[in-house]
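> Got a sequence here, can you build the structure:
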Amino acid sequence: MESTGIQRLFYILWAIIKLNLYILVFTLAGGIVLGMGPAFQSANDVLLTSGMDYQNITFGKMAERFKANFKRSNGIFWIFAALLGIVAYNLFLASQIKGLLWFILSFVLFFAILLLLVVYLYAVQYETTYDISIGNLLKLAFISVFLNFGTFLKVLFGVISILVVTWFFKGLLLFATFSLFLVWSGYATKNIRQLVEGKLV
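Alright, predicted model coming up:
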């Protein structure tokens with residue numbers, strides 16, 4: 001019996017909810033600090049192999065990927081977390097000082113934060129696909145951002161939209177926010193990643 005459009009929508013929604021819950025469970029399993037990076041990366045791995053098929057998004061697959069990703073994904077995550085922390089702190093300091101120069105500097109630092117967020121999402125996508133060194137992974141993710149500025153804006157629009165909706169509906173943190181980041185970044189960067197793959201083959 002064929003699924004109706006409404007049934008398919010519910011299947012997709014359940015896949016998003018299920019994936020988000022797994023991200024939270026494995027984040028807690030890693031003591032939060034050591035769980036965030038591997039949980040997010042593992043969810044992307046499972047999403048890439050299973051698509052939006054909720055039946056193939058399983059605890060066992062997440063556990064397998066979490067164990068495999070634990071060390072390396074923590075390294076990648078905390079590199080970006082450290083950079084974001086440094087830039088955010090400097091943005092805070094710059095915003096406390098009045099003057100045109102400091103206003104421009106604050107704008108540049110804010111853009112740097114957005115850039116780092118998008119580069120991290122690219123890095124997560126490439127980490128799922130390629131077996132390369134962390135250094136080359138970061139270079140590839142950084143270069144990819146500048147291959148198409150329209151894609152950069154598309155990713156940002158999606159991420160900011162998800163954050164805004166989450167701000168008004170806090171329950172999404174439990175049921176959808178993190179998995180939506182993965183779904184959106186995978187969709188929005190698809191053309192760029194295909195372009196990169198064509199160059200690497």
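
> How much space separates Val118 from Gln125?
Separation of Val118 from Gln125 (C-beta to C-beta, to the nearest Å) stands at 11 Å. For the C-beta atoms, the positions are set from N, CA and C on the backbone; glycine is no exception.

> With Tyr22 instead?
For Tyr22, the distance to Gln125 equals 18 Å [C-beta to C-beta].

> Counting by contacts, list what the longest helix belonging to the chain packs against.
For the chain, the helix that runs over the most residues, judged by DSSP state H, is helix 59-95. Identification of packing neighbours for helix 59-95 by 3 or more C-beta pairs under 8 Å, 6 or more residues apart in numbering; DSSP states H and E yields helix 5-29, helix 36-50, helix 100-129, helix 134-145.

> Dump these into JSON lines; add mean pLDDT, mean neighbour count and distance to Gly60 as well.
Rendered in JSON lines, the data for the helices and strands packed on helix 59-95 read as follows (pLDDT from 0 to 100; neighbours: other C-beta atoms under 10 Å; distance: least, C-beta to C-beta, whole Å):
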{"stretch": "helix 5-29", "mean pLDDT": "95", "mean neighbour count": "17", "distance to Gly60": "11"}
{"stretch": "helix 36-50", "mean pLDDT": "97", "mean neighbour count": "23", "distance to Gly60": "10"}
{"stretch": "helix 100-129", "mean pLDDT": "95", "mean neighbour count": "17", "distance to Gly60": "18"}
{"stretch": "helix 134-145", "mean pLDDT": "96", "mean neighbour count": "16", "distance to Gly60": "26"}
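
> Just put those helices in a markdown table and tack on distance to Val164.
What follows is the helices and strands packed on helix 59-95, written out as a markdown table (distance: least, C-beta to C-beta, whole Å):
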| stretch | distance to Val164 |
| --- | --- |
| helix 5-29 | 18 |
| helix 36-50 | 20 |
| helix 100-129 | 14 |
| helix 134-145 | 22 |
